[in-house]
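Undergrad: sequence first, then the predicted structure:
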Amino acid sequence: MKAIINTSDAPAPIGPYSQAVKAGGLLFVSGQVAIEPATGDLILDDIETETHQVMKNIKAILTAAGAEFSHVVKTTIFLKDMGDFAKVNEIYGSYFTADFPARETVQVSVLPKNVNVEISVTAFLG
């Protein structure tokens with residue numbers, strides 16, 4: 001069985017996908033960008049603010065599924081510029097306390113809505 005997870009506390013999908021899909025004991029959260037859910041505005045002031053908004057959006061989806069960052073087992077970070085890695089890594093890391101998830105970080109040439117960072121996560125719900 002699979003269940004679709006949607007919450008108004010995170011941005012609505014901008015294409016034919018769900019915010020997250022729960023299947024078995026896993027939760028697959030689609031890549032999130034820095035869209036403020038209440039207004040739909042992109043938050044692109046600086047990479048730090050942008051990354052915090054991405055992580056807040058992920059947190060809202062995890063919460064809607066009954067999970068939290070401690071349940072995350074795998075993440076993927078897409079960066080427009082690998083020069084932003086240190087700043088993104090510091091902010092990303094502040095959302096986890098221990099037992100960090102597996103992760104890869106890759107630089108890509110372009111991201112949806114021309115954002116600078118997109119992050120997806122997979123969580124184990126047990």
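TA: Now that the structure is in, tell me what you want to look at.

Undergrad: excluding its backbone neighbours, what's nearest the residue sitting furthest away from the middle of the chain?
TA: Here the chain reaches farthest from its C-alpha mean at residue 1, the gap being 23.5 Å by Cα atoms, centre = their mean. Distance criterion Cβ to Cβ, 6 or more residues apart in numbering; nearest residue to residue 1, sequence neighbours excluded, is residue 23 at 7.5 Å. Bear in mind the C-beta positions are built from the backbone N, C-alpha and C, glycine included.

Undergrad: give me phi/psi at that neighbour?
TA: Main-chain torsions, residue 23, degrees, to the nearest 10: phi -140, psi 120.

Undergrad: wait, what's in contact with it?
TA: 1-3 (Cβ atoms under 8 Å, 6 or more residues apart in numbering).

Undergrad: give me the subset of these lying in strands.
TA: 2-3 (DSSP state E).

Undergrad: tell me the SS of residue 31?
TA: Using DSSP: H, G, I helix; E, B strand; the rest coil, the structure places residue 31 in strand.

Undergrad: identify the residue nearest residue 55 in space, chain neighbours excluded?
TA: Here the residue nearest residue 55, using Cβ to Cβ, 6+ apart, is residue 95, at 5.1 Å.

Undergrad: should've said residue 21
TA: Per Cβ to Cβ, 6+ apart, closest to residue 21 is residue 28, 5.0 Å.

Undergrad: swap in residue 100?
TA: Closest to residue 100 by Cβ to Cβ, 6+ apart is residue 93, at 7.6 Å.

Undergrad: in this protein, where's the longest helix?
TA: helix 47-64 (DSSP state H).

Undergrad: and the next element down the chain from that one?
TA: strand 72-79 (DSSP states H and E).

Undergrad: now do that following strand: which elements does it pack against?
TA: helix 85-93, strand 102-107, strand 117-124 (3 or more Cβ pairs under 8 Å, 6 or more residues apart in numbering; DSSP states H and E).
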